[in-house]
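S.K.: This is a predicted model, with the sequence first.
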Amino acid sequence: MSVKDVSFRLATAADKRDLWIWRNDETTRRMMKNTDLIPWEVHSAWFDRVLQNPNRILLIGEAQWTDPSQDTRHQEKFGMVRFDQQPLHKDAWEVSINLQVGWRHQGYFMRGDVTDPI
């Protein structure tokens, strides 16, 4: 696969399930402050609050590429980036990043050049 374009967009309700799956991945959980599996109901309520909170920005990363052997164009979500404005320092933001499992350890996004994996 040769990724040609990467874009970020604001998360929508349609992304809720994907983020829940990514969040409950074993590797992701090991990196979190709370390492427990998150029940759907808890995640769903959290996700809805994040989308409504003006002090949080939740972005979904998407990659596009063409498969030359089939002459088809593909698009896939590869992860999320969340910015949480800090309450005591309005000019400071905490950044959270999570790549979905299939996009980890592939060498993409390491050089600012997403055309070829490293």
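M.R.: Okay, I see it.
S.K.: doesn't residue 81 make contact with residue 59?
M.R.: Yes. The pair residue 59 and residue 81 passes the contact test of CB atoms under 8 Å, sitting 4.7 Å apart. (Each C-beta comes from the backbone N, C-alpha and C, glycine too.)
S.K.: which residues do those two both contact?
M.R.: By the contact definition CB atoms under 8 Å, 6 or more residues apart in numbering, residue 59 and residue 81 are jointly contacted by residue 8.
S.K.: Which strands or helices does the lengthiest helix in the chain pack on?
M.R.: Secondary structure of the chain per DSSP state H: the longest helix is helix 40-52. In this structure, helix 40-52 makes packing contacts with helix 16-23, strand 56-67, judged by 3 or more CB pairs under 8 Å, 6 or more residues apart in numbering; DSSP states H and E.
S.K.: outside of that helix, which residues touch it?
M.R.: Residues contacting helix 40-52 (CB under 8 Å, 6+ apart): 11, 12, 13, 16, 19, 20, 23, 38, 56, 58, 82.
S.K.: and the third one, how far is that from residue 31?
M.R.: Noted for residue 13: a distance of 25 Å to residue 31, by CB to CB, to the nearest Å.
S.K.: I am finished for the moment; much appreciated.
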